[in-house]
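>>> can you look at this prediction? I've put the sequence above it.
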Amino acid sequence: MTKYCREAREKSEIGERQVVRLETVQKDLKRFADDRERIQRVDALVKEVKQLVDAGVPVRAAERAKEQGLVATYSGWLAGLESAGLEAFSVADLDETVDGYRQTADARRSAARELSRMTGHWDRH
């Protein structure tokens, strides 16, 4: 009976150590699974950031910030103007781009020079 009790106690101690080890392994597995999920979320975020960078979003965001500053500046300038003074601009001018406006101005300037040449009032300056 003593032998049986001693063997039972030894097996019980071995079992307790194995249970503790099993609990440690289970905790490690849970931690590893949580880490894996975090890594997958980070990987997805990195891919999303790469797509945004490849699409030029940071550059456009910087340009937008710059343009917002310009709009604020121009709004301040326009705030002091009377509305009657703004009537000098046609509605067509408001819809035109800067490049389009420059092209139109260049064409009108060329036409005016040609007309001056034809009428003899052309000044070479």
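All right, it came through fine. The structure presented is a predicted model; accordingly, all values stated were derived computationally and were not measured.
>>> quick one: secondary structure of Trp77?
Three-state assignment for Trp77 (DSSP: H, G, I helix; E, B strand; the rest coil): helix.
>>> likewise for Val46?
Val46 ends up helix, using three-state DSSP.
>>> quick one: it from Lys27, how far?
As judged by CB to CB, to the nearest Å, Val46 and Lys27 stand 28 Å apart. All C-beta spots, glycine's among them, are computed from the backbone N, C-alpha and C.
>>> pLDDT value on Asp35, please?
Model confidence at Asp35, expressed as pLDDT, equals 95.
>>> cool, Ser110 as well?
Reported pLDDT for Ser110: 89.
>>> pull the number of nearby residues for it.
By other CB atoms under 10 Å, the residues close to Ser110 number 10.
>>> what's the helix or strand for it?
Per DSSP states H and E, Ser110 falls inside helix 98-119.
>>> off-centre distance for that helix?
41 Å (CA atoms, centre = their mean, to the nearest Å).
>>> next: stretch 35-52.
That offset, for stretch 35-52, works out to 16 Å (CA atoms, centre = their mean).
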